[in-house]
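>>> give me the fold of what follows.
(one chain, ligands or ions: 2)
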Amino acid sequence: MKEPMIFDHPLIKHKITLLRDKDTGTKEFRKLVEEISMLMAYEALRDLPTELVQVRTPICDSMQPVLSGKKAAVVPILRAGLGMTGGILSLLPGAKVGHIGLYRDETTHEPHEYLSKLPGDLDKRIVIVTDPMLATGGSAAAAIDLLKGKGCTQIKFMCIIAAPEGLERLRTAHPDIEIYVGALDECLNDDAYIVPGLGDAGDRIFGTFAQD
Ligand code: PRP
Ligand code: URA
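Ligands and ions are numbered 1, 2, ... in the order given. Model prediction:
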């Protein structure tokens, strides 16, 4: 079983603290999610393969590295995972994007699929699955079940905040994937929200609150 990477970087910590603040508004929240995702992706993509190509500098010809091998795809789990795609695409502008729509039943907390729109060649790509919140782990595990069913073999899962319960469930269900976690929180509450967490990530990214 691969060890998850729990980030320990002051920039990521600082930005996640701002995300947690209930007074952080939608516009800033969205920007922070994107920035954190870019910082996390920088590290998560450290093992991308490279090959040497010839380049002519103003001084001489030289062999230098460029990205090679498997191309990447980003697959956000809707809705909240969408907030993370921009940050990753700023590093990998050529990546394809697939979408998996899941919502959590309010009572059982089990995920329900309502959409799956994926690139046809996903099985040949490195797939980066995004969702800011790993709570019970049900949504992430279901999304990865679906991707494996489509033949995907190299999967990286990125979340901004995880609960220990969800991390354990995802690791047990999918011991082969790489997991990147911005912050590991204390626990889940009775409504399966992460404590201290940041509340409902989808509502905070898209500004959909009960009073609207
Ligand atoms: C949230 C979140 C995750 C899921 C995490 O989505 O974005 O997808 O819950 O919970 P889990 O680990 O217990 O499955 P939600 O179902 O609220 O949908 P939304 O993104 O559309 O708001
Ligand atoms: N989904 C969220 O958006 N937040 C949580 O704390 C748990 C699930």
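
>>> contacting residues around residue 122?
With contact taken as CB atoms under 8 Å, 6 or more residues apart in numbering, residue 122 is in contact with 73, 75, 96, 98, 147, 150-152. C-beta: built from backbone N, CA, C; applies to glycine.

>>> what subset of these is buried?
73, 75, 96, 98, 147, 152 (16 or more other CB atoms under 10 Å).

>>> ok so, going back, near ligand 1, which of the contacts of residue 122 show up?
Subset of those in contact with ligand 1: empty, counting by CB under 6 Å from any ligand atom.

>>> mind checking which of the buried ones among the contacts of residue 122 are in helices?
The helices, defined by DSSP state H, take in residue 147 from the buried ones among the contacts of residue 122.

>>> closest to ligand 1 among the buried ones among the contacts of residue 122?
residue 75 (12.3 Å; CB to the nearest ligand atom).

>>> that older thread, make JSON lines from the contacts of residue 122 and add distance to residue 206 and pLDDT to it.
Shown next, in JSON lines, are the contacts of residue 122 (distance: CB to CB, whole Å; pLDDT from 0 to 100):
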{"residue": "73", "distance to residue 206": "23", "pLDDT": "98"}
{"residue": "75", "distance to residue 206": "19", "pLDDT": "98"}
{"residue": "96", "distance to residue 206": "23", "pLDDT": "97"}
{"residue": "98", "distance to residue 206": "20", "pLDDT": "98"}
{"residue": "147", "distance to residue 206": "24", "pLDDT": "98"}
{"residue": "150", "distance to residue 206": "27", "pLDDT": "96"}
{"residue": "151", "distance to residue 206": "32", "pLDDT": "97"}
{"residue": "152", "distance to residue 206": "27", "pLDDT": "97"}
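
>>> which of the residues you listed sit farthest apart?
Maximum pairwise distance in the contacts of residue 122, criterion CB to CB, is 14.9 Å, between 96 and 151.

>>> before we move on, the earlier item: mind listing which of the contacts of residue 122 are in strands?
73, 75, 96 (DSSP state E).
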